[in-house]
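Chemist: Sequence and predicted structure below; questions after.
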Amino acid sequence: MKNIAVVGTGYVGLVTGTCFAETGNNVICVDIDENKVEKMKSGIVPIYEPGLDTLFDRNIKEGRLSFTTSLKDAVDKADIIFLALPTPPGADGSADLSFVLGVGEELGKIISDYKIIIDKSTVPVGTAEKVHAAVSKNAKVDFDIVSNPEFLREGFAIDDFMKPDRVVIGTESEKAKKILNKLYRPFVRQGNPILFMDEKSAELTKYAANSFLATKITFMNEIANFCELVGANVDDVRIGIGSDERIGKRFLFPGIGFGGSCFPKDVQALVKSGKELDFNFEIINAVLRVNDVQKLKLIDKLINHYGELKGLTFAMWGLAFKPDTDDIREAPALYIIDKLISLGAKVIAYDPEAMQNVRTIYKDKITFTDNQYEAISNADALLIVTEWATFRAPDFNKIKHKLKSPKIFDGRNLYNLEDMEGKGFYYESIGRKTVLK
Ligand code: NAD
């Protein structure tokens, strides 16, 4: 059992804290957002993440998980301090380290005995050294800095944390290695590795992983766009290449581009890190360019189909950047909504979890509905933007009767082309032929 402080209770911090509590540690989570901390103290999970509420309730009840706004209170009782702070893109695309370094400086003033300070945020190569310097400014005691990037996926965060493919630990401190090896053992009982490396390699592993995944998606999107041009079917091409073990079946689904709080910012930050050293990431730069265009792929399709979009109403199913989350950061939906509004079209949107977050931005500029079918009443077409399970097998008769004309523009290829033949819809998707009714 260890005493752990987790600084920042977002998607990463709250999951990290809760899962470490679940394996028997005492965890105090700190956040500067007083509202959030109040909510958590009264037993409310402030984000949507499947399975989190059960673990959250249990560990609070069993006295292993608590919350505070006081960094000092949390840190005084902790042996290990995890930083799960935001690293948003700055104006030039580089990662903004002010949250991480700011807390680092504070920690230097507060710590009164040996601590392991672990960076779980996604940060550029060299950040561990900067955090070390920030803490050192005021620290009068010994401490170790460790880079321990997090690979969890929103929507699967609990499973990913409890059973990670690998744990990456960047440190040269033998003492920290021993303690972290023990802390993470319960999570790798199936035999997945805990990989020890230096701090810089750990930091780069995270950026390289996200940039590779973003590249894989983007590669497939480009192939899908070419399929449309030559009349090939991307479903067949996808299975055709994915059956090769060197390529693998996962992450090959084409769509309307990647979004979220990680891929866009991490890819940009890696490019920026390269630039600082006069190193040009040719492939990753291209990924960013292709993805920017892909996010508006549905708009291109609508313009090709209708010409003018002014005065038309579009029902939008899905707002979150992916299913099973309420996260809308960099969601393609936002780019599509902006464009539709600027072209004079109306949007009626439905999402199972993300509407509140989108409403905060758009207020009454778009309409929200309580269920997916209400959204399509009298709309000119249905746009599918996020692949929530609830959209996968809908009542097509209902859709047909509610829409002004039966047209679906599917940005996530949710429906089988053969199934759509004969259903009476005009159906456009990504990288596949258009079904003309
Ligand atoms: P988030 O924005 O959801 O949460 C960050 C939290 O930190 C917020 O609650 C905020 O109030 C709090 N905070 C800000 N300043 C603080 C301070 N000085 N003291 C205490 N709390 C403070 O962020 P997130 O999505 O959890 O991401 C955190 C880091 O983890 C980022 O670097 C991100 O790139 C990385 N990451 C995210 C994911 C993901 O899926 N979200 C996955 C892997 C890694």
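Modeler: Yep, that arrived.
Chemist: Nearest to the ligand: which residue in this protein?
Modeler: Nearest residue of the chain to the ligand (C-beta to the nearest ligand atom) works out as Gly10 at 1.8 Å. Using the backbone N, CA and C atoms, a C-beta is placed for each residue, glycine as well.
Chemist: buried stuff in stretch 363-382?
Modeler: Ile366, Thr367, Phe368, Thr369, Gln372, Tyr373, Ala375, Ile376, Ala379, Asp380, Ala381, Leu382 (16 or more other C-beta atoms under 10 Å).
Chemist: go on, stretch 291-300?
Modeler: Residues Asn291, Gln294, Lys295, Leu296, Lys297, Leu298, Ile299 are the ones in stretch 291-300 that count as buried (16+ other C-beta under 10 Å).
Chemist: As TSV, those residues with secondary structure would be great.
Modeler: As requested, the buried residues of stretch 291-300 are exported to TSV (DSSP: H, G, I helix; E, B strand; the rest coil):
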residue	secondary structure
Asn291	helix
Gln294	helix
Lys295	coil
Leu296	coil
Lys297	helix
Leu298	helix
Ile299	helix
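Chemist: Same list (these) but as a markdown table, adding pLDDT and distance to the ligand.
Modeler: Converted to a markdown table, those look like this (pLDDT from 0 to 100; distance: C-beta to the nearest ligand atom, whole Å):
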| residue | pLDDT | distance to the ligand |
| --- | --- | --- |
| Asn291 | 97 | 17 |
| Gln294 | 98 | 21 |
| Lys295 | 97 | 19 |
| Leu296 | 97 | 24 |
| Lys297 | 98 | 24 |
| Leu298 | 98 | 24 |
| Ile299 | 98 | 27 |
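Chemist: can you list these in CSV and add distance to Lys175?
Modeler: CSV is the format used below for those (distance: C-beta to C-beta, whole Å):
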residue, distance to Lys175
Asn291, 42
Gln294, 47
Lys295, 46
Leu296, 51
Lys297, 51
Leu298, 53
Ile299, 55
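Chemist: what does this protein have sitting close to the ligand?
Modeler: By C-beta under 6 Å from any ligand atom, the residues of the chain that approach the ligand are 7-13, 30-33, 36, 84-87, 99, 102-103, 121-122, 150, 152, 154, 261-262.
Chemist: returning to that earlier point: got the contact list for the closest residue to the residue of the chain closest to the ligand other than its chain neighbours?
Modeler: Once flanking residues are discounted, Gly10 sits nearest to Ala84: 6.5 Å by C-beta to C-beta, 6 or more residues apart in numbering. Residues near Ala84 by C-beta atoms under 8 Å, 6 or more residues apart in numbering: Val6, Val7, Gly8, Thr9, Gly10, Val12, Gly13, Thr16, Lys120, Ser121, Glu150.
Chemist: run the last query once more with 10 Å
Modeler: Ala84 makes contacts with 6-17, 29-31, 100, 118-121, 150, as judged by C-beta atoms under 10 Å, 6 or more residues apart in numbering.
Chemist: Over to Phe391?
Modeler: Taking C-beta under 10 Å, 6+ apart, we find Phe391 in contact with 317-318, 323, 350-352, 372, 382, 384-385, 410, 412, 414-415.
Chemist: quick one: which of those residues is nearest Asp165?
Modeler: Relative to Asp165, the closest of the contacts of Phe391 is Pro323; by C-beta to C-beta it sits at 20.6 Å.
Chemist: which SS class is that closest one?
Modeler: Pro323 ends up coil, using three-state DSSP.
Chemist: Next, the contact list for it, please.
Modeler: Applying C-beta under 10 Å, 6+ apart, the residues near Pro323 are 154-155, 351-354, 386-392, 412.
Chemist: From Leu14, how far out is the closest residue to Ile60 other than its chain neighbours?
Modeler: For Ile60, ignoring the flanking residues on the chain, the nearest one in space by C-beta to C-beta, 6+ apart is Gly43 at 6.5 Å. To Leu14, Gly43 is 13 Å away according to C-beta to C-beta, to the nearest Å.
Chemist: More neighbours: which of the two?
Modeler: Taking neighbours as other C-beta atoms under 10 Å, Gly43 and Leu14 compare with Leu14 leading, 26 against 11.
Chemist: my guess is that one contacts Asp31, does it?
Modeler: Yes. Between Leu14 and Asp31 there is a contact under C-beta atoms under 10 Å: 8.8 Å.
Chemist: Look up the residues that both of these two are in contact with.
Modeler: Shared contacts of Leu14 and Asp31, counting by C-beta under 10 Å, 6+ apart, come down to Val6, Gly8, Met40, Pro46, Phe67, Ala84.
Chemist: Which ones among the contacts of Phe391 map onto strands?
Modeler: Among the contacts of Phe391, the members falling in strands (DSSP state E) are Trp317, Tyr350, Leu382, Ile384, Asp410.
Chemist: pretty sure Thr54 is in a helix, no?
Modeler: Yes. Thr54 forms part of a helix when assessed by three-state DSSP.
Chemist: got a list of what it touches?
Modeler: Thr18, Glu22, Val45, Ile158.
Chemist: follow-up on the earlier one: as a markdown table, the shared contacts of Leu14 and Asp31 with distance to Ala202 would be great.
Modeler: Listed next are these as a markdown table, based on distance: C-beta to C-beta, whole Å:
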| residue | distance to Ala202 |
| --- | --- |
| Val6 | 19 |
| Gly8 | 19 |
| Met40 | 29 |
| Pro46 | 29 |
| Phe67 | 28 |
| Ala84 | 15 |
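Chemist: Report the buried members of the residues you listed.
Modeler: The buried subset of the shared contacts of Leu14 and Asp31 (16+ other C-beta under 10 Å) comprises Val6, Gly8, Met40, Phe67, Ala84.
Chemist: Just the ones of those in strands?
Modeler: Val6, Phe67.
Chemist: Which stretches in the stretch 151-300 of the chain count as helices?
Modeler: 157-162, 174-184, 199-230, 234-242, 263-276, 282-294, 297-306 (DSSP state H, counting those that start in this stretch).
Chemist: got the angle for the fifth one vs helix 282-294?
Modeler: Orientation of helix 263-276 against helix 282-294 (axes from the mean of the first three to the mean of the last three C-alpha atoms, to 10 degrees) gives an angle of 140 degrees.
Chemist: if we can go back for a sec, show me which of the ones in strands among the contacts of Phe391 are buried.
Modeler: So, by 16+ other C-beta under 10 Å, the buried ones in the ones in strands among the contacts of Phe391 are Trp317, Tyr350, Leu382, Ile384, Asp410.
Chemist: Relative to Asn225, which of those is nearest.
Modeler: Nearest to Asn225 among these, with distances taken as C-beta to C-beta, is Asp410, at 15.1 Å.
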